[in-house]
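here is my input, please return the structure:
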Amino acid sequence: MESNRQRKVAQIIQEDMAEIFRKQASESKQSFLVSVSDVKVTADLSIAKIYLSIFPAELRQPIMKEINTNNAYYRNYIGQKMAKQVRIIPQLAFYIDTTMDDVERIEKELKGEGDNPIL
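Residues are numbered from 1 along each chain as shown. Next up, the predicted model:
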């Protein structure tokens with residue numbers, strides 16, 4: 001069960017991270033989209049798991065590598081935004097959200113376009 005405090009902190013982190021990724025994508029020479037699909041915060045508010053959807057798929061690994069390299073920058077950014085609201089700025093852990101890929105794969109299978117044989 002998530003507490004109200006966890007939900008509020010997660011929502012603040014989600015909005016702030018979405019804003020910074022939007023700015024970075026607009027300033028980049030490549031065209032890509034990074035959206036923050038979900039944020040889960042532990043009960044003690046010390047760790048925030050951030051799930052990202054990255055399009056196009058072929059840029060996922062390089063973008064995730066760059067995001068993990070700049071983890072301290074993102075935590076500092078979140079810290080500046082949340083300084084008055086929390087005592088401890090959570091550690092950030094980034095994960096790729098593959099939900100849309102899974103939905104697409106299942107839809108292909110149901111249409112008979114996947115790897116499964118039609119019975």
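
pull the longest helix from this protein.
As assigned by DSSP state H, the longest helix anywhere in the chain is helix 4-27.

buried stuff in stretch 76-86?
Neighbour counts over stretch 76-86 (16 or more other C-beta atoms under 10 Å) mark 77, 78, 81, 82, 86 as buried. Any C-beta I mention is one placed from the backbone N, CA and C, and that applies to glycine too.

the last one contacts residue 44, correct?
No. Here residue 86 does not reach residue 44: they are 11.1 Å apart, not a contact under C-beta atoms under 8 Å.

name the residues that touch stretch 47-56?
9-10, 13-14, 17, 21, 32-42, 60, 63-64, 67, 90-97, 99-100 (C-beta atoms under 8 Å, 6 or more residues apart in numbering).

farthest-separated two in the buried residues of stretch 76-86?
Spatially, the most separated pair among the buried residues of stretch 76-86 is 77 and 86, at 14.2 Å (C-beta to C-beta).

just how off-centre is the longest helix of the chain within its chain?
9 Å (C-alpha atoms, centre = their mean, to the nearest Å).

residue boundaries of the strands in the protein?
Applying DSSP state E to the chain gives strands spanning 33-41, 47-55, 91-96.

what residues does the first one touch?
Defining contact as C-beta under 8 Å, 6+ apart, one finds that strand 33-41 is touched by 2, 6, 9-11, 13-14, 17-18, 21, 24-25, 47-55, 63, 67, 90, 97, 99.

switch the cut-off to 6 Å
With C-beta atoms under 6 Å, 6 or more residues apart in numbering as the test, strand 33-41 has contacts from 6, 9-10, 13-14, 17-18, 21, 48-55, 97.

make a PyMOL selection of the buried ones in those residues.
To isolate the buried members of these in PyMOL, using 16+ other C-beta under 10 Å:
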select buried, resi 6+9+10+13+14+17+18+21+48+49+50+51+52+53+54+97
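
what sits against residue 14?
36, 39.

how about 8 Å then?
Taking C-beta under 8 Å, 6+ apart as the test, what residue 14 contacts is 36, 38, 39, 50.

fine by me, thanks again.
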